[in-house]
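Q: please work out how this folds:
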Amino acid sequence: MPFKLVILWTDALIYLLVAVIIAFILYARGKEPLRAPWRQVARSRMAMASLAVLFVYVAIGLLDSFHFRPVVQGAAKGGEVHYSPEVLSTLDVLVAPLRERVEKSYSEPFATHLYSKETLEADGKAVRDYPRLEFGGAHLKNPEQDRWSDIMTTTGVAVIQGVGLWLVLAGTVAGVLARHHRCAMVQIIRDMIAGRTALPWHVILATVGFLILLAALATDLGLKYHVFGTDKVGQDVLYQSLKSIRTGLVIGTLTTLVMLPFAVLLGIMAGYFRGWVDDVIQYVYTTLNSIPGVLLIAAAILTLQVYMQTHPEMFDTIAHRADMRLLFLCVILGITSWTGLCRLLRGETLKLSEIDYIQAASAFGVGHFRIIARHILPNVMHIVLISVVLDFSGLVLAEAVLSYVGVGVDPTMNSWGNMINAARLEMAREPIVWWSLSAAFVLMFVLVLAANLFSDAVRDAFDPRLRKQ
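A: As a prediction, the model looks like this:
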């Protein structure tokens with residue numbers, strides 16, 4: 001094989017999470033009480049626009065979760081195949097031009113020269129000037145005169161490509177809907193524009209069209225220039241920003257896998273069994289809440305760091321080492337963040353356990369765990385779902401804060417927190433280097449905003465009180 005498949009711990013958990021989501025979708029299709037709230041979410045224009053944005057982030061994260069080690073060319077001896085120590089992903093292959101075009105140092109977005117002056121030799125004399133970039137704008141013979149005209153021309157071509165692709169997509173969607181409803185395609189297009197369809201297709205297609213346009217611009221301009229500039233070691237900032245998406249998604253989703261069993265199990269047990277069980281669980285999460293979360297995370301990460309330094313033979317590559325730290329960070333965040341949901345579920349279970357049908361089931365001798373599985377758990381799932389969606393954005397921001405203070409993900413791993421941490425010195429230098437911080441801020445802002453808007457729609461759909469209103 002031309003590559004060796006590498007399955008990191010976080011990759012396996014991501015695949016598991018995707019399988020669970022697919023299984024839940026298949027299960028919910030046959031349950032009307034679960035389908036009705038999701039239909040309400042699907043009718044929300046803001047929710048569908050946010051979901052389209054989140055889908056792009058998730059697609060990038062999944063592409064970056066298929067890892068492998070390519071074969072080293074010319075390294076085979078005696079029939080033995082040697083693989084590169086560098087672990088790549090599918091995303092690395094797709095954006096290979098961004099990954100491979102490394103400059104000498106800083107350069108501004110769409111620049112053709114380095115950001116700092118160097119000593120150059122011109123006509124046999126040493127002069128101080130800005131050196132030409134090796135890749136950014138290298139196709140221009142006279143960048144001072146031709147750069148902006150070339151950027152505008154490339155932008156125009158990208159817009160035409162994006163609009164053409166969007167028209168094909170919109171036509172395909174309209175054709176499928178016309179065939180499904182057995183009506184004329186012109187009528188479906190009119191209904192879509194007027195917003196008379198069951199799903200807000202006009203909002204969905206408008207959002208998708210904008211995303212396609214951005215992708216076309218990034219592709220065409222990224223092949224000629226560094227769209228977001230380069231960092232201190234000359235790496236493309238757009239590439240770093242895209243690679244950071246997986247880290248943010250892993251922190252936001254895998255932490256939930258760790259948190260949910262503690263919160264759901266202990267919260268329901270405390271509210272249903274009461275007595276000494278309730279006292280013990282309250283004591284546990286009250287004690288855990290009294291410990292500052294940052295200090296607990298810092299102690300755990302530093303302990304893991306010492307362990308990895310004393311046992312280097314356990315990690316084949318740098319990627320395995322960084323992945324283990326990321327997984328451990330998810331575990332620690334999950335252990336320190338389950339207490340809030342546990343409190344909510346305890347209070348809701350205390351209320352539900354006094355309802356007549358649960359009292360009747362208990363009087364007829366139905367087992368405790370059967371009552372919990374059949375009556376308690378389904379009636380608290382809306383709280384679980386709402387809390388999970390709302391906590392996602394907070395966990396993404398937590399990674400940025402923890403990496404900024406030095407106890408986040410491994411420094412070799414791309415993340416928005418590491419980009420912001422590296423920007424501390426960049427913002428203090430003269431001239432200021434602003435584009436790394438701006439790129440991390442924009443992509444993290446869009447992800448968190450889309451997650452919050454989507455979570456608002458989910459909360460409105462699953463909250464029984466709001467449904468009645």
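
Q: contacting residues for L329?
A: By Cβ atoms under 8 Å, 6 or more residues apart in numbering, the contact list for L329 reads I251, I297, I301, E399, L402, G408, V409. Where you see a C-beta, it was placed from the backbone N, CA and C, and this is true even at glycine.

Q: and stretch 34-54, which residues are buried?
A: Using 16 or more other Cβ atoms under 10 Å as the test for burial, stretch 34-54 gives 34, 37, 40-42, 44-45, 47-54.

Q: farthest pair in the residues you listed?
A: With distances taken as Cβ to Cβ, the most widely separated pair in the buried residues of stretch 34-54 is L34 and V53, at 24.2 Å.

Q: hang on, the earlier thing: mind putting the contacts of L329 into CSV with pLDDT and distance to E313?
A: As requested, those are exported to CSV (pLDDT from 0 to 100; distance: Cβ to Cβ, whole Å):
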residue, pLDDT, distance to E313
I251, 87, 28
I297, 82, 27
I301, 82, 21
E399, 79, 29
L402, 80, 28
G408, 78, 25
V409, 83, 22
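
Q: for those residues, which one is nearest I371?
A: Within the contacts of L329, the smallest distance to I371 is 35.6 Å, found for I251 (Cβ to Cβ).

Q: correct me, but the closest one touches L397?
A: No. At 9.5 Å, I251 and L397 do not qualify as touching, with contact defined as Cβ atoms under 8 Å.

Q: export the contacts of L329 as a markdown table, with columns for secondary structure.
A: Listed next are the contacts of L329 as a markdown table, based on DSSP: H, G, I helix; E, B strand; the rest coil:
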| residue | secondary structure |
| --- | --- |
| I251 | helix |
| I297 | helix |
| I301 | helix |
| E399 | helix |
| L402 | helix |
| G408 | coil |
| V409 | coil |
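
Q: export those as a markdown table, with columns for neighbour count and distance to W201.
A: Supplementary listing: the contacts of L329 in a markdown table, determined by neighbours: other Cβ atoms under 10 Å; distance: Cβ to Cβ, whole Å:
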| residue | neighbour count | distance to W201 |
| --- | --- | --- |
| I251 | 28 | 33 |
| I297 | 21 | 44 |
| I301 | 20 | 46 |
| E399 | 27 | 35 |
| L402 | 24 | 40 |
| G408 | 27 | 40 |
| V409 | 26 | 39 |
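
Q: specify which member of these is nearest to F392.
A: Within the set of those, I251 lies nearest F392; the separation is 9.3 Å, counting by Cβ to Cβ.

Q: what's the closest non-adjacent residue to the closest one?
A: E399 (4.3 Å; Cβ to Cβ, 6 or more residues apart in numbering).

Q: which residues does that neighbour contact?
A: With contacts taken as Cβ under 8 Å, 6+ apart, E399 has the following neighbours: T247, G248, I251, L329, G408, V409, S415, W416, G417.

Q: separation between the fifth one and T349?
A: Relative to T349, G408 is positioned 35 Å away (criterion: Cβ to Cβ, to the nearest Å).

Q: before we move on, what about the fourth one?
A: Using Cβ to Cβ, we find L329 at a distance of 30 Å from T349.

Q: before we move on, what about the third one?
A: Taken as Cβ to Cβ, the spacing of I251 relative to T349 amounts to 29 Å.

Q: and for the last one?
A: According to Cβ to Cβ, G417 stands 36 Å off from T349.

Q: run a quick neighbour tally on S116.
A: By other Cβ atoms under 10 Å, 14 other residues sit near S116.

Q: is it in a helix, a strand, or coil?
A: Counting by three-state DSSP, the backbone at S116 sits in coil.

Q: quick one, phi/psi of it?
A: Dihedral pair for S116: phi -120, psi 150, per degrees, to the nearest 10.

Q: my guess is it contacts S107, does it?
A: No. S116 lies out of contact with S107 (Cβ under 8 Å); the separation is 9.4 Å.

Q: remind me what the helix or strand harbouring M419 packs against, helices and strands.
A: Secondary structure assigned from DSSP states H and E places M419 in helix 416-428. Applying 3 or more Cβ pairs under 8 Å, 6 or more residues apart in numbering; DSSP states H and E, one finds that helix 416-428 contacts helix 237-273, helix 377-404, helix 435-462.

Q: which of those has the lowest average pLDDT?
A: Ranked by mean pLDDT, those bottom out at helix 377-404, with a mean of 79.

Q: which residues sit in contact with the nearest residue to L199 once chain neighbours are set aside?
A: The shortest distance from L199 to any non-neighbouring residue, by Cβ to Cβ, 6+ apart, is to A42 (5.7 Å). By Cβ under 8 Å, 6+ apart, the contact list for A42 reads M48, A198, L199.

Q: for the helix or strand hosting F369, what is the distance to the chain centroid?
A: Counting by DSSP H and E, the element that carries F369 is helix 368-371. Shown here is helix 368-371, whose average C-alpha point lies 37 Å from the average C-alpha point of the whole chain (Cα atoms, centre = their mean, to the nearest Å).
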